[in-house]
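Colleague: model this:
(3 chains)
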Amino acid sequence: MAELAAHAGEAHHPALQHHFVSLDQQRAASTLGMWVFIAQEILFFGGLFGAYTVYRTLYPDAFSAGSHHLSWKIGFFNTLVLIGSSLTMAMGVYSAAIGKSKAVVGFILATILLGGVFLGVKYFEYGEKIRPCLGDGPHTGCLVPGARFDAASLHLSGAEAGHVQIYFSLYFAMTGLHALHMIIGAPILLTIAYFAWRGRYSPEYHTPVELVGLYWHFVDIVWIFLFPLLYLIGHH
Amino acid sequence: MTSDRKTLPADHYLKHGWDLKSWLLTTDHKRIGLMYLVSITLMFAIGSLYAGLVRWNLLVPDGSHMSAEAYNKAFTGHGVVMVFFFLIPSIPATLGNFLIPLMIGAKDLAFPRINLLSWYIYIVGAALTMWALLTGGLDTGWTFYTPYSTAFAESNVAVAAVGIFIAGFSSILTGLNFIVTIHKMRAPGLTWFRMPLFVWAHYATSIIQVLGTPVVAITILLVALERLFHFGFFDPNRGGDPILFQHLFWFYSHPAVYIMILPSMGVISEIVTCFSRKRIFGYSFIAMSSLAIAAIGFLVWAHHMFVSGMTVYSAMVFSALTYLVAVPSAIKTFNWTATLFRGSVQWDTPMIYVFCFIGLFLIGGLTGLFLGNLGLDVHLTDTYFIVAHFHYIMVGGAIMGYLGGLHFWWPKITGRNYNESWGKISSLLVFVGFNLTFFPQFVLGYLGMPRRYHAYPEEFQILNVLSTAGATILGFGYIFPFSYLTHSLFRGEPAGPNPWGAKGLEWTTQSPPTTHNFDEVPVVTEEPYNYAAEGEGHARG
Amino acid sequence: MSHHVVSWKVYLGVFLALVALTVITVWVAGHDFGEFNLVVALGVAITKATLVVLYFMHARYSERLTHVVIASSLVFFAILVFLLLTDYVSRPWPLSPVAS
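Modeller: Okay, here's the model as predicted:
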């Protein structure tokens, strides 16, 4: 194969793994691998989106009531923060492609920082809903589904009080799983930033930066759907 | 090339290190395949013990051999272990891992470290699930139906669910690895339509693993969340729908049965052509039918739910789609049979398993058509007819293919031949034992005996006793290969590179292969399976 | 995958478009499009996601196989939702078991 001859000089590139014939093949394989991983992530979240579709179809009013209780302004702010982190991530990949390692480090740290802001806001949002559920007492305002859930604070009773718990179950499961993906992503980003700082990446080889970028953008896309589907139901 | 006395090659992959570290930290796909082989054999033994408990209880109609609760735990343990820890990984993780790089002329899979990681993930998932099964057990059935599993079961549901969740990622990563490897690492000249059908089968399987497994993963997680934190996803008191669980569960678990059968079909394709000494009939139809099974397999899941409370309109849609999925499987069966026609059939052990597969898979598959019919299914569902149907496919089909493949490639994997007489005897035992175990169950189901019942009406006892007798014979049938194959590791005669005279890149390497498989990247110029006309025997006996 | 380097101006442009679309997301939520409410909301979200996939994730500059992988996952997700709904939509209305 011509590729073998064309890439003969790469045989000693430190990043080339022994079972690949060229850096190109390695990069193509790694990139495809990450896309296949993202495909399975789409189905992983997809199960939750499927459950959401079913229950929103069944209980539109309860979903609307639950959604009204979330702060759309906070959701809006967080969406902008995450989109911003996608920009910094894309700029990090760009910097790697043009060989500016310091900029790579800076942009990845900015991405982590913005992700941290997002998670901080979520911590606050969750806290509001979870704190009333703790300890003894009347649990007014508790929004964790289960025995202590306070449907009255949403002005709901009867069947709707149960249905809105399903809404909040999905809220916690979907945003929780999303947040977990960000929490897992942070140390990975940090590791890539460290290697960039150590000069491991170049225009010829910066695949790990690209791959972690793909992962981060995917996490952003999930939120792009979560925001309107959870925060903006029936606001007319 | 043929000599009177063959010897093992001086250097091969098994010689690179004997200590634990060289195995536990290996990235060699062949060693990882062997590690999986040991692990899944252990899980198969555990699953078989559970089966023994089930069949022992069913010897008497009054269920006096064990309590109902214990029986529920026995059949659940059997199902969970066999489905998630034996059948799903079996051929892909053992034969697939070992052979795919060899078959496409590559030095390893695309991601060797992820390959090792997926084995460790499997071990952690298996250990956690076994811990759950042994300390308190699981009594929900392997299907975890809600609301029993979420609200009423008093067994280790959450822990077992987490163990299975973890093991699911092993499956996903294996599938991911195979897809990338097959796309990006084929040797020069190895176009898609020159690939072995074993590789096509694993490609289709991997697509299912990657797209289907995540859905059951999140679903099991929801069950655990509901159990631990009382979220209401499936709680009818709050408007949750238990049937939604079934929809989400079967969205994976139906395609999962194709994960279990497609690799086996790939094995059959390889063996039938070699032991007919004839090019396989309809190569591209078999290749495309694997993809068709994978795709259509995702459209039929609710045929497991016809009596669950779903609407009859939805059921009609799924019933129609179910008939469609039988077509590609039938195409394969026709093509294998056509390959045998005017071929020069060699009756070695792998080929005996091929014949077992074709006949038994045919019965299992056709009974699936009965079950796809709404009217019939109302009477047959949740009876032993279902149990017989899926065991004909899973054991009569998938496991026969697995055993055939294990025997066919044993000389390549170990460098040694097994004892052919013992191979033939065992295959006969397995065939007889299998049919005696499961054919009576078709009759029992037709007569109305429900599945998962601890006790049954007296008139069903004779058939149950026959079934248990068959299971005992089947058990011995499985112990024999374990014994003589292990024995061959130490005393088997060296096999040489190609004892069967088979076509395929894996047979061009030494037996066992070197760590890096190929010294030079092979270049493929031939069409696959270009066996000569009748008359060309093979080097072995 | 090509060695094509996307200009930073493209990224900035996409970012600004995403911000604008997020504002639009909130704006359409405040208007009643009748039975098209969900369609409109999803339409905006899909537009945003498409921009991220095409430009931030370089799908526009990637090989066809990448497109097949993305499309496959979306197709099978759609199958899940569509066939699920064949059950729920054909149930008698009003839906749901009675809750206490």
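Colleague: how about the strands in chain C?
Modeller: Taking DSSP state E to define them, one finds no strands in chain C.
Colleague: for it, give me the ranges with low pLDDT.
Modeller: Low-confidence regions of chain C, defined by pLDDT under 70, span residues C:1-3, C:93-100.
Colleague: go again using 80 as the cut-off
Modeller: Scanning chain C with the threshold set as pLDDT under 80 gives C:1-4, C:93-100.
Colleague: need the helix or strand of chain B with the lowest average pLDDT.
Modeller: helix B:20-24 (a mean of 91; mean pLDDT, DSSP states H and E).
Colleague: contact partners of it?
Modeller: By C-beta atoms under 8 Å, 6 or more residues apart in numbering or on different chains, the residues outside helix B:20-24 that reach it are B:His16, B:Gly17, B:Arg31, B:Met35. For the C-beta atoms, the positions are set from N, CA and C on the backbone; glycine is no exception.
Colleague: intersect these with the contacts of chain A.
Modeller: Checked against chain A using C-beta under 8 Å from any C-beta of the partner chain, those give no members in range.
Colleague: show me how to select, in ChimeraX, the buried members of those.
Modeller: A single ChimeraX command selects the buried members of the contacts of helix B:20-24 (16 or more other C-beta atoms under 10 Å in any protein chain shown):
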select /B:31,35
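Colleague: sitting in helices, which of the contacts of helix B:20-24 do you find?
Modeller: Using DSSP state H, the subset of those located in helices is B:Arg31, B:Met35.
Colleague: and the contacts of helix B:20-24, which two are furthest apart?
Modeller: Spanning the widest gap among these are B:His16 and B:Met35, at 14.4 Å by C-beta to C-beta.
Colleague: report the central residue of chain C.
Modeller: With distances taken as C-alpha atoms, centre = their mean, C:Ile46 lies nearest the centre of chain C, 2.7 Å away.
Colleague: let me see the contact set for it.
Modeller: C:Ile46 sits in contact with no residue, where contact means C-beta under 8 Å, 6+ apart.
Colleague: also B:Ile100?
Modeller: Counting by C-beta under 8 Å, 6+ apart, B:Ile100 touches B:His29, B:Ala106, B:Leu109, B:Phe178, B:Thr181, B:Ile182, B:Phe198, B:Val199, B:His202.
Colleague: the biggest helix by length in chain C vs chain A: in contact?
Modeller: What stands out as the longest helix in chain C, according to DSSP H, is helix C:64-89. Yes: Helix C:64-89 lies within reach of chain A by C-beta under 8 Å from any C-beta, at C:65-66, C:69-70, C:72-74, C:76-77, C:80-81, C:84-85, C:88-89.
Colleague: so which of the residues you listed are also by chain B?
Modeller: Counting by C-beta under 8 Å from any C-beta, C:Leu65, C:Ser72, C:Ser73, C:Phe76, C:Leu80, C:Leu84 from the residues of helix C:64-89 next to chain A sit close to chain B.
Colleague: the fifth one contacts A:Leu48, doesn't it?
Modeller: No: judged on C-beta atoms under 8 Å, C:Leu80 makes no contact with A:Leu48 at a distance of 11.0 Å.
Colleague: how long is stretch B:6-22 end to end?
Modeller: Using C-alpha to C-alpha, to the nearest Å, the end-to-end distance of stretch B:6-22 comes out at 28 Å.
Colleague: relative to the whole chain's centre, how far out is it?
Modeller: 29 Å (C-alpha atoms, centre = their mean, to the nearest Å).
Colleague: one more: stretch A:121-132?
Modeller: Offset of stretch A:121-132 from its chain centre (C-alpha atoms, centre = their mean): 19 Å.
Colleague: buried stuff in it?
Modeller: A:Val121, A:Lys122, A:Glu125, A:Tyr126, A:Lys129, A:Pro132.
Colleague: of these, closest to C:Phe15?
Modeller: Nearest to C:Phe15 among those, with distances taken as C-beta to C-beta, is A:Val121, at 19.7 Å.
Colleague: which of the three states applies to that closest one?
Modeller: Here A:Val121 is helix, with the state taken from DSSP: H, G, I helix; E, B strand; the rest coil.
Colleague: all helices of the stretch 301-450 of chain B, in order?
Modeller: With DSSP state H, counting those that start in this stretch, the ranges of helices along the stretch 301-450 of chain B come out as B:312-340, B:349-372, B:374-380, B:384-393, B:400-414, B:420-447.
Colleague: right, is the first one up against chain C?
Modeller: Which is helix B:312-340. Yes: Helix B:312-340 is in contact with chain C by C-beta under 8 Å from any C-beta, via B:Tyr313, B:Ser314, B:Val317, B:Phe318.
Colleague: quick one, that helix and helix C:64-89 angle?
Modeller: 140 degrees (axes from the mean of the first three to the mean of the last three C-alpha atoms, to 10 degrees).
Colleague: what distance do you get for the residue lying closest to B:Ile166 once chain neighbours are set aside to B:His516?
Modeller: Nearest in space to B:Ile166, with sequence neighbours left out and distances taken as C-beta to C-beta, 6 or more residues apart in numbering or on different chains, is B:Gly125 at 3.7 Å. Distance of B:Gly125 to B:His516, computed by C-beta to C-beta, to the nearest Å: 31 Å.
Colleague: compare these two (neighbour count), which wins?
Modeller: B:Gly125 (22 against 14; other C-beta atoms under 10 Å in any protein chain shown).
Colleague: so who does that one touch?
Modeller: Contact analysis of B:Gly125 by C-beta under 8 Å, 6+ apart lists B:Phe84, B:Phe85, B:Gly163, B:Ile164, B:Phe165, B:Ile166, B:Ala167, B:Gly168, B:Phe169, B:Ser170.
Colleague: pull out the buried residues from these.
Modeller: With burial judged by 16+ other C-beta under 10 Å, the buried subset of these is B:Phe84, B:Phe85, B:Gly163, B:Ile164, B:Phe165, B:Ile166, B:Ala167, B:Gly168, B:Phe169, B:Ser170.
Colleague: which residues are contacting stretch A:185-199?
Modeller: By C-beta under 8 Å, 6+ apart, the surrounding residues in contact with stretch A:185-199 are A:96, A:101-102, A:104-105, A:108-109, A:111-112, A:115-116, A:201, A:208-209, A:212, A:215-216, A:219.
Colleague: so which of those are in helices?
Modeller: A:96, A:101-102, A:104-105, A:108-109, A:111-112, A:115-116, A:208-209, A:212, A:215-216, A:219.
Colleague: ok so, going back, just put the helices of the stretch 301-450 of chain B in JSON lines and tack on mean pLDDT and mean neighbour count.
Modeller: Listed next are these as JSON lines, based on pLDDT from 0 to 100; neighbours: other C-beta atoms under 10 Å in any protein chain shown:
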{"stretch": "helix B:312-340", "mean pLDDT": "95", "mean neighbour count": "18"}
{"stretch": "helix B:349-372", "mean pLDDT": "97", "mean neighbour count": "21"}
{"stretch": "helix B:374-380", "mean pLDDT": "96", "mean neighbour count": "15"}
{"stretch": "helix B:384-393", "mean pLDDT": "98", "mean neighbour count": "24"}
{"stretch": "helix B:400-414", "mean pLDDT": "98", "mean neighbour count": "25"}
{"stretch": "helix B:420-447", "mean pLDDT": "97", "mean neighbour count": "20"}
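Colleague: how about the top helix by length along chain A: buried residues?
Modeller: Scanning chain A for the longest helix, with DSSP H as the assignment, gives helix A:159-197. Neighbour-count burial for helix A:159-197, counted by 16+ other C-beta under 10 Å, picks out A:159-175, A:177-179, A:181-182, A:185, A:189, A:192-193, A:195-197.
Colleague: how far does it sit from its chain's centre?
Modeller: With C-alpha atoms, centre = their mean, you get 6 Å for helix A:159-197.
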